[in-house]
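*Asks:* Need coordinates for the below:
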Amino acid sequence: QVQLAESGGGLVQPGGSLRLSCAASGFTFSSYAMGWFRQAPGKEREFVATISWTGGRTVYVDSVKGRFTISRDNAKMTAYLRMNSLKPEDTAVYYCAAAQRCCSSSYGEYDYWGQGTQVTVSS
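*Replies:* You can find the predicted model right below:
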């Protein structure tokens, strides 16, 4: 059974940092690109970042470039999203997803999804 389980969300002050984790099981993790998306209340799900199978290629949405870093550990079957210099507009539910095709920003290209973890940036 395929599972993606996000963790690491929470409440953080503006300017703070968080690291999200996405633990995978039930599929060949090293054969899938991994992505992070987010959805704020009343808004559509938005692409954040993606990473290729080996980690050699990454793509970010412009609004997080220089602040967020996506990475993966294939031995641990886990993907990460390090978020620095967080802003209130980063508040959203963050989802990880897996895709056989690298490295799309399109929601429809992803095959498997986690349940999401809430990130709230507020003073």
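*Asks:* Could you check how far the spatially most central residue of the chain is from Ala92?
*Replies:* Centroid-nearest residue in the chain: Trp36, 2.4 Å away (criterion: CA atoms, centre = their mean). Trp36 sits 10 Å away from Ala92 when distances are taken as CB to CB, to the nearest Å. C-beta: built from backbone N, CA, C; applies to glycine.
*Asks:* Once you drop chain neighbours, what's closest to the residue nearest to the centre of the chain?
*Replies:* Closest residue to Trp36 in three dimensions, ignoring its sequence neighbours and counting by CB to CB, 6 or more residues apart in numbering: Val48, at 4.3 Å.
*Asks:* How is that neighbour assigned, secondary-structure-wise?
*Replies:* For Val48, the secondary structure call by DSSP: H, G, I helix; E, B strand; the rest coil comes out as strand.
*Asks:* Count the neighbours of it for me.
*Replies:* Here the number of neighbours of Val48 (other CB atoms under 10 Å) works out to 25.
*Asks:* Also Ala49?
*Replies:* The local packing count at Ala49 equals 24, with neighbours defined by other CB under 10 Å.
*Asks:* cool, Arg45 as well?
*Replies:* Neighbour tally, Arg45, other CB under 10 Å: 16.
*Asks:* distance of it from Met77?
*Replies:* Here the criterion is CB to CB. By it, Arg45 lies 24 Å from Met77.
*Asks:* what's the answer for Ser85, then?
*Replies:* If you measure Ser85 against Met77 using CB to CB, the figure is 29 Å.
*Asks:* Am I right that the residue nearest to the centre of the chain is in contact with Ala98?
*Replies:* No. The pair Trp36 and Ala98 does not pass the contact test of CB atoms under 8 Å, sitting 11.1 Å apart.
*Asks:* picking that back up, beta-bridge partners for the residue nearest to the centre of the chain, please?
*Replies:* The residues paired with Trp36 through beta bridges, assigned by DSSP bridges, are Ala49, Cys96.
*Asks:* need the contact list for it.
*Replies:* Contacts here follow CB atoms under 8 Å, 6 or more residues apart in numbering; on that basis Trp36 touches Leu20, Cys22, Val48, Ala49, Thr50, Ile70, Ala79, Leu81, Tyr94, Tyr95, Cys96, Ala97.
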